[in-house]
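Chemist: My questions concern the predicted model and sequence given below.
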There are 2 protein chains.
Amino acid sequence: MTEKKRTKITVNIHKKTYTIVGTESKERVELIAKLIDEKMNEIYEANKHLDTTRLAVLTAINTMNDYLTLKEDYDELITLLEEDK
Amino acid sequence: MTEKKRTKITVNIHKKTYTIVGTESKERVELIAKLIDEKMNEIYEANKHLDTTRLAVLTAINTMNDYLTLKEDYDELITLLEEDK
């Protein structure tokens, strides 16, 4: 059995407590929670009328945008490396 | 003035409508909304007791985890390229 140990980690995001169950390390889950909390608070400061669900969805959208931008950079790098062979 | 044109795009995510204001193209905003909608529905299927706010926060956490994994791969690639010089 090479199964990863499942962990249960409690974090605070935008004044609510979340229990994250998974195989990631405590440090990683806490880092992710900190980044999401910061992003949510930032979006909240600019849109104080938003309810928490909308705020969280916009945070997810924002993070996905960052992911896609990084993915484009990554793919471009891979293409350059392939061309360089 | 080289300011990007601000767009206002309406998308549906997990049975709710969101208006996204920004400088991204319609195609990109719709792609992001589709990816977030899929992720939210997937998390919902595995955790039907979750309220929408928690579901949205978990979707954001999940996306941030993907971002960090890709960032690690990207940084590793950059380090390898630097060593190769």
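Modeler: Received it, and whenever you're ready, just let me know what you need. Bear in mind the structure is a predicted one, so any value in this text is a computation, not a measurement. Numbers count the residues shown, from 1 in each chain, chains lettered A, B, ... in the order given.

Chemist: and the closest residue to chain B within chain A, what is it in contact with?
Modeler: Chain A approaches chain B most closely through residue A:56 (3.4 Å), counting by Cβ to the nearest Cβ. Where C-beta positions appear, they are placed from N, C-alpha and C, glycine not excepted. Residue A:56 sits next to A:14, A:40, B:53, B:56, B:57, B:59, B:60 when contact means Cβ atoms under 8 Å, 6 or more residues apart in numbering or on different chains.

Chemist: Mind putting those residues into a markdown table with pLDDT and distance to residue A:32?
Modeler: Shown next, in a markdown table, are the contacts of residue A:56 (pLDDT from 0 to 100; distance: Cβ to Cβ, whole Å):
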| residue | pLDDT | distance to residue A:32 |
| --- | --- | --- |
| A:14 | 94 | 14 |
| A:40 | 96 | 12 |
| B:53 | 94 | 17 |
| B:56 | 96 | 15 |
| B:57 | 96 | 11 |
| B:59 | 96 | 12 |
| B:60 | 97 | 9 |
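
Chemist: Most neighbours among those residues, which one is it?
Modeler: For the contacts of residue A:56, the largest number of neighbours (other Cβ atoms under 10 Å in any protein chain shown) sits with residue B:60, at 31 neighbours.

Chemist: gap between the strand or helix carrying that one and the chain center?
Modeler: Assessed by DSSP states H and E, residue B:60 sits inside helix B:52-84. Centre-to-centre, helix B:52-84 and its host chain are 11 Å apart (Cα atoms, centre = their mean, to the nearest Å).
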